[in-house]
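A.B. asks: Following is a predicted model, sequence given first.
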Amino acid sequence: MFSGFWFWWSLYMSVLLILYIIGSYFEKSNDTKIKKKDYNINVTKSKFVNEVLRWCMNNMNYPTGHKYYPQVKICYYKTKRNLFGDYTSNTRLIRIFINNHNSVEELINTVIHEYKHYLDLPSQQDQKEYNRHLKQKGYHDNPFEINARKTADKYTLICLKDMKRKSLISKW
């Protein structure tokens with residue numbers, strides 16, 4: 001009886017080891033399938049975000065209805081909801097949660113996305129309309145969010161190329 005226990009225990013542990021090895025193999029193969037262009041930021045993250053914002057102001061429409069430029073706050077802590085950024089219209093504050101981003105492209109996309117909110121929400125009336133859509137349709141289907149995502153996707157690679165041309169980023 002004692003030898004039977006050790007036989008089954010050894011078999012059980014062997015199966016666990018094999019499953020662990022197979023799982024590790026598939027986990028590594030999934031990592032290599034992610035085709036992400038990796039860039040290194042050659043300046044401080046804060047300076048880089050401000051350069052992307054400057055790019056937005058020079059290359060995207062800057063409306064006449066805005067009296068002030070947006071302020072930017074770089075947050076280095078990770079958020080529990082994995083939030084990339086947000087915009088507060090009454091203070092014209094763009095917050096970027098820098099360490100939630102997995103790539104330079106993602107960071108650029110977020111800055112452009114939040115800048116688009118700055119362009120679209122110059123007044124409290126616009127913010128009320130945004131909030132109404134948010135309540136009725138949710139975040140993902142909010143027309144302001146759809147427009148910001150579309151705009152960010154349109155300009156991300158163009159901005160990335162300019163940041164590379166200015167040597168603010170370089171390929172790994």
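C.D. replies: Structure's in. What do you need?
A.B. asks: quick one: Leu17 and Leu11, what's the gap?
C.D. replies: Counting by CB to CB, to the nearest Å, the gap from Leu17 to Leu11 is 11 Å. To be clear about C-beta, it is placed using only N, CA and C from the backbone, and glycine gets the same treatment.
A.B. asks: Repeat that for Ile41.
C.D. replies: As for Ile41, its distance to Leu11 is 52 Å (criterion: CB to CB).
A.B. asks: do Ser170 as well
C.D. replies: Distance from Ser170 to Leu11, by CB to CB: 53 Å.
A.B. asks: do Gln127 as well
C.D. replies: As judged by CB to CB, Gln127 and Leu11 stand 64 Å apart.
A.B. asks: same thing with Gly4?
C.D. replies: Here the distance between Gly4 and Leu11 works out to 11 Å (CB to CB).
A.B. asks: Equivalent analysis for Asn142, please.
C.D. replies: 55 Å.
A.B. asks: With Thr44 instead?
C.D. replies: Plainly put, Thr44 is 56 Å away from Leu11 if you go by CB to CB.
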